[in-house]
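*Asks:* just to be clear, the model below is a prediction. Sequence and coordinates:
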Amino acid sequence: MDRLTSAMGASSLSGPLAVTRPGFGNEGRKFPVYVNAFEVSPSEINVYHYDVKILPDKPTTPPRLNRQLWQHMDEVMDVFGGVAVAYDGRAMAYSPRRLPADEGKWEINLPEEDGSQYSKGRVFTVLIKFTRTIDLSRLGVFIKGDANTIPDASDIQSATQALNILVAHGPSLLYPNRASAFFLPPENQNVAMIAKGLEMWRGFYTSLRAGPGKLFLNMDIASQPMYQSGDLPVVMLEFLRATTRGLGFDDIAADKIPARAYIELDRFVRNLKITLKAKGPDGIEPVRKIKCIERISAASAKFSLEDGSSTSVESYFKQNYNITLQRPDFPCARVSKVALWPIELCDVQAGQKYSRKLDPIQTAEAIKLTTVGPRDRVPMIKHGLARIQPDVSQISPTNNGSALEQWGIRLEKEPMVVTARELQAPAINYKDRAVHPRDGVWDMRGNSFHTPAKIERWLVLVFDSDRFFRVEEAQNSVMGLVRGCQETGIVVADRRPPIHYVPRGCDISSFILQKGSELVQTQGGPPQLLVCYLPRKPCDEYAVIKRFGDVEKGVATQCLFINKAKKGNPQYYGNLALKINVKLRGINSVLDPRGLGPIAEMPTMVLGADVTHPSPGSLAPSISAVVGSMDSKATLYGTAIRVQSSRIEIIAHLGEMVGQLIKQFEEKLKVRPKRLIFFRDGISEGQFTATLAPAVKTEVEAIRSACEKIDPNYKPMLTYVVCGKRHHMSFFPRNEADADRRNFNVKAGTTIDTDITSPFQFDWYCQSHASLLGTGRSAHYTILVDDSHFSADTMQQLVFSLCFTYARCTRSVSYVTPAYYCDRVCTRAQLILKRDDDDSTTVISSHSGASEENIRKQHLSEYTSRLRNIHQNHSESLFFL
């Protein structure tokens, strides 16, 4: 390790280096785990990089079509003579042998997808040009940390990129794919179906990575929603049944589908590839894309023939194909300016990706289908490993061995076994005693909150009719909530508050103000808490309530959904008490001082930061948020929220936000923090490497600059930690004794900082929570700046301990609490800023470049003017939970 660190320090990597690993952690019980990674033997060969250009390039041809061209060149034309040339589907190709010529040009008449071939239409020119030689042996030198010959960063990146393209090349030719994942058709289509004409395909994600002393292939299960394949009428019916249950085939007759349903259905199926189940003179069933669904039946749809006569679609198929339509009343699919196909003869092709956001029902069904427990996950991944790279002898006329063999790559068939450590959970202090979590969970029954709040005045509001939520039911729920609060130590002065039913259609803010004024007159002050019963989730009233409480009046709000409240039990109301207490500036629990680690050594502010972006297609701005601890126990947090240009990952106003929180910390505690521990969520691994990437460097400089603006001599020690959740590493206990007894996941506190981590960076994985469903997902932490020079044990234990401070539950969470809080703040800010008239569905492609930019600027200005600071009453409350 020392050799590797010194090697990195002497390397030619440009820019300031991220902090290198100070050593490995030693704390905790050691035990072996499997990881979803397979060791790769480094290759010693040179590979040859070629630039690929496909003409016409306007519009840019999609990777799927490019790969069809490449496959045609390889299989039909045998351009590469059996050499396993890997192609990325865009502009790069890599060969394990130098091709006969450094430049080549091929004219290709690509057959249509249905097999037909025309002299015009799908004609392309493919240009290939040699660029450079890449020495794969440099990758082996890099992972060994040989100080005598230090590879350049660009060499390492190029070699890794080439191998990743090799691994993805074969599956990408055979299966639908997305980025680094490919997907296989379901064995049972009925089981794979989700709502609204979609089905889930399961596949595999792959990524070749460098670890300390070894290369490995990280392989994980992936999933992708696809359009349901098969009969088009069945797909259409499944889509329509999502909004109107009980529909049958009679209801998709052309004159039976409502106008609004036609519009939604047309949007759903537009551009789908369909096969006509009728062979033409060449014996081929044609394939076309749906332009639209016409609101006319096959019996009624007329068109002119070459002789000037007219006929219906129904008659045409009878005369020309000898096919009698069983449902001539069904609508037609337009596939060109002149061609209409009866939908009963149309098949939706399999493997067409659905790229829009799933609705809540689809999401719930998708989660059920894609949840895989740890016992099943490893065998499934091993099954996918066999599909990584097919033998080129099966897809090329010349047999030169498998692609991996040609590249000198050997891939182990069994998953790696690495040493993990189970860290000790911190003690949790309540008012009178401490509790000790087990497997990331603890029971607070019989304990009072560390600092319970007091509810003197509160309003209960029901946003539904008393026919659906009767007064008696509401009273029972309120009493259950009162008991739940009292059992945790919250003092409730008025145990039977009046229940107000909010009239439908009224001005909600005015109604609440009116009832609040009545409370002032009867009880001498405004309400501290609004308890609101809502009819469903989601509902429009929720945003109005949160905007009123968080921004306008500074009153705590707690929403309950009526269906859950009717079935509420003590656990349900106890969980609500957890949220209510912290919204009223109470403290549920605190870490035992020994669990605070460096936070207890000196005044320390723990911060979390994140940027959240609008939904795909929206031109709305992004929202950034920072939270900062406001006490010595990292339990109370202040918040800072800003609006910034859309989809910019750097936090634009970070210095201003951090400065605001430092001043708030100083005002409350009468001292400035001497140490800042900053957890940055939302930065992907590609945005930071061995050097401080521009995004990270900019944010670090902004934090330091904010401190200098407060006082030129104020220089707190900064630790900048990237918190990653969207990685693909999973851990599986090798021995049953090391597993969580409920679902065979690894236990909370499982930490790994060897074998699968970076060869040089200060990073580790920590599974800090007890998984409820499927296979647990750890968080990946990477320290990029560390003025305090923390040891691995100190930071790993601190991060794990902070996962026990999430206030709304009595269990540790999956990643560090400040980052979790920040994610919640961003979500709340989106809700507060959004208005009913926002055009969140604006499609970017519908605007010219200039008008799109103008719209972005307009939205940014509008959102900025809407943004108001969170009310002062919430300056240290966790109002966003």
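*Replies:* Okay, I see it.
*Asks:* which parts of stretch 272-287 are buried?
*Replies:* Buried residues in stretch 272-287, counted by 16 or more other Cβ atoms under 10 Å: 272, 273, 274, 275, 276, 277, 278, 284, 286, 287. For the C-beta atoms, the positions are set from N, CA and C on the backbone; glycine is no exception.
*Asks:* next, give phi and psi for the residue nearest to the spatial centre of the chain.
*Replies:* With distances taken as Cα atoms, centre = their mean, residue 726 lies nearest the centre of the chain, 6.5 Å away. Main-chain torsions, residue 726, degrees, to the nearest 10: phi -100, psi 40.
*Asks:* that one contacts residue 684, doesn't it?
*Replies:* Yes - Residue 726 is in contact with residue 684 according to Cβ atoms under 8 Å; the separation is 6.9 Å.
*Asks:* tally up the residues packed near residue 419, please.
*Replies:* Around residue 419 there are 13 other residues, counting by other Cβ atoms under 10 Å.
*Asks:* hang on, it in a strand?
*Replies:* Yes - when classified by DSSP: H, G, I helix; E, B strand; the rest coil, residue 419 is found to be part of a strand.
*Asks:* leaving out chain neighbours, which residue sits closest to it?
*Replies:* The spatially closest residue to residue 419, leaving aside those adjacent along the chain, is residue 30, at 5.5 Å (Cβ to Cβ, 6 or more residues apart in numbering).
*Asks:* where in the stretch 701-850 of the chain is pLDDT low?
*Replies:* 835-850 (pLDDT under 70).
*Asks:* residue boundaries of the helices in it?
*Replies:* Using DSSP state H, counting those that start in this stretch, the helices of the stretch 701-850 of the chain run over residues 792-802, 817-833, 849-866.
*Asks:* please name whichever of those helices is nearest to residue 697.
*Replies:* Set against residue 697 and scored by Cβ to Cβ, the helices of the stretch 701-850 of the chain come closest in helix 817-833, at 20.2 Å.
*Asks:* now the angle from that closest one to helix 792-802?
*Replies:* Counting by axes from the mean of the first three to the mean of the last three Cα atoms, to 10 degrees, helix 817-833 lies at 40 degrees to helix 792-802.
*Asks:* all further residue positions should be reported with the first residue as 8.
*Replies:* Okay, using 8 as the starting number, the last item reads as helix 824-840.
*Asks:* in stretch 227-245, what counts as buried?
*Replies:* Residues of stretch 227-245 classed as buried: 227-236, 238-245 (neighbour count, 16+ other Cβ under 10 Å).
*Asks:* ugh, wrong one, stretch 195-210
*Replies:* The neighbour-count check on stretch 195-210 (16+ other Cβ under 10 Å) flags 199, 200, 201, 202, 203, 204, 205, 206, 207, 208, 209, 210 as buried.
*Asks:* and if you look at stretch 175-194?
*Replies:* So for stretch 175-194, counting by 16+ other Cβ under 10 Å, buried means 175-180, 182-184, 187-193.
*Asks:* any idea of the mean pLDDT in that stretch?
*Replies:* The average pLDDT within stretch 175-194 is 91.
*Asks:* that stretch spans what distance, first to last residue?
*Replies:* 22 Å (Cα to Cα, to the nearest Å).
*Asks:* what do you get for stretch 461-477?
*Replies:* 28 Å.
*Asks:* likewise for stretch 802-819?
*Replies:* Using Cα to Cα, the end-to-end distance of stretch 802-819 comes to 17 Å.
*Asks:* and residue 29, how many neighbours does it have?
*Replies:* Other residues lying near residue 29 total 17 when counted by other Cβ under 10 Å.
*Asks:* how about residue 708?
*Replies:* 13.
*Asks:* tell me where the stretch 658-807 of the chain has strands.
*Replies:* For the stretch 658-807 of the chain, the strands defined by DSSP state E, counting those that start in this stretch cover 682-688, 724-731, 738-740, 757-759, 769-774, 786-793.
*Asks:* distance to residue 214 and mean neighbour count added to those strands, as TSV?
*Replies:* Shown next, in TSV, are the strands of the stretch 658-807 of the chain (distance: least, Cβ to Cβ, whole Å; neighbours: other Cβ atoms under 10 Å):
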stretch	distance to residue 214	mean neighbour count
strand 682-688	21	25
strand 724-731	13	22
strand 738-740	16	22
strand 757-759	17	25
strand 769-774	15	25
strand 786-793	13	23
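*Asks:* of the ones you listed, which is nearest residue 68?
*Replies:* Nearest of the strands of the stretch 658-807 of the chain to residue 68, taken as Cβ to Cβ: strand 724-731 at 33.4 Å.
*Asks:* report the angle between the closest one and strand 769-774.
*Replies:* Going by the same axes, to 10 degrees, strand 724-731 makes 50 degrees with strand 769-774.
*Asks:* could you dump the helices of the stretch 708-857 of the chain to a markdown table with mean neighbour count and distance to residue 520?
*Replies:* Output for these, formatted as a markdown table (neighbours: other Cβ atoms under 10 Å; distance: least, Cβ to Cβ, whole Å):
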| stretch | mean neighbour count | distance to residue 520 |
| --- | --- | --- |
| helix 799-809 | 24 | 39 |
| helix 824-840 | 23 | 18 |
| helix 856-873 | 14 | 21 |
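*Asks:* re the thing from before, list just the nearest of the buried residues of stretch 279-294 to residue 568.
*Replies:* residue 279 (36.6 Å).
*Asks:* isn't the closest one right up against residue 359?
*Replies:* Yes - here residue 279 reaches residue 359: they are 6.2 Å apart, a contact under Cβ under 8 Å.
*Asks:* intersection of neighbour lists for these two?
*Replies:* Common neighbours of residue 279 and residue 359, counting by Cβ atoms under 8 Å, 6 or more residues apart in numbering, are residue 234.
*Asks:* how about residue 617, phi and psi?
*Replies:* When read as degrees, to the nearest 10, the backbone of residue 617 gives phi -160, psi 160.
*Asks:* other SSEs contacting the one helix or strand residue 521 maps to?
*Replies:* Residue 521 belongs to helix 515-530 when elements are defined using DSSP states H and E. Here helix 515-530 touches strand 465-469, helix 547-554, going by 3 or more Cβ pairs under 8 Å, 6 or more residues apart in numbering; DSSP states H and E.
*Asks:* circling back: now tabulate the strands of the stretch 658-807 of the chain in CSV and tack on distance to residue 65.
*Replies:* Below are those laid out as CSV (distance: least, Cβ to Cβ, whole Å):
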stretch, distance to residue 65
strand 682-688, 39
strand 724-731, 37
strand 738-740, 47
strand 757-759, 48
strand 769-774, 43
strand 786-793, 40
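*Asks:* ok, back up a step: report the separation between the residue nearest to the centre of the chain and residue 784.
*Replies:* 9 Å (Cβ to Cβ, to the nearest Å).
*Asks:* just residue 829 next, same as before
*Replies:* Note on residue 829: its distance to residue 784, by Cβ to Cβ, is 19 Å.
*Asks:* if we ignore the residues flanking it in sequence, what's nearest residue 363?
*Replies:* Nearest non-adjacent residue to residue 363, counting by Cβ to Cβ, 6+ apart: residue 623, 7.6 Å away.
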